[in-house]
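*Asks:* Quick one: sequence and predicted model below, then my questions.
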Amino acid sequence: MQRSDMQAQASEENLRILSLSNDSRKIIQTLSNETSIRILQLLESGNMSASELAGGLDLRLNTLQYHLDALLDSGLIRVTEVRWSRKGRKIKVYEPVDKLIILIPGRSPFNKTALSGLLQECMEEDPDLCPI
């Protein structure tokens, strides 16, 4: 496989194209929630457990867990490892998922390969405008 083909494949894996559906509604709802956005912003500084996130955001653990579940369900974060506390409790460590999400509300069919090519061109022209 040539380098450009590998880059296109990697770009497509990190690219999620959504039409209006239940999946897109979950993502839209999650991203329109201020607490979910704050969690994602805090995770930009590094992977964290729920208790570390709760402390950093000044939230109760049960409130935070609700938002973590929504972020996990939407595919916006993932569990990177599981640690064990001194008391033998399972501690999950979370990280954000690197994805570019494009929502296409229209009815017209679209060509994922063509869209991926357009994004590749955008990245080459202005990497800051189109960060994948």
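*Replies:* Right, received. Where do you want to start?
*Asks:* now the strands for the chain?
*Replies:* Taking DSSP state E to define them, one finds strands in the chain at 15-19, 48-49, 77-84, 90-96, 100-104.
*Asks:* among those strands, which is nearest Gln120?
*Replies:* Closest approach to Gln120 among the strands of the chain is made by strand 15-19 (10.3 Å; Cβ to Cβ). Bear in mind the C-beta positions are built from the backbone N, C-alpha and C, glycine included.
*Asks:* before we move on, the earlier item: winner for burial among the strands of the chain?
*Replies:* strand 48-49 (a mean of 18; mean count of other Cβ atoms under 10 Å).
*Asks:* Name the strands paired with that strand and say parallel or antiparallel.
*Replies:* Strand 48-49 has the following strand partners under DSSP bridges: strand 90-96 (antiparallel).
*Asks:* Not counting the partner strand itself, show me its contacts.
*Replies:* Residues from elsewhere that reach strand 90-96, judged by Cβ atoms under 8 Å, 6 or more residues apart in numbering: 40, 43-44, 47-51, 53, 68, 71, 76-85.
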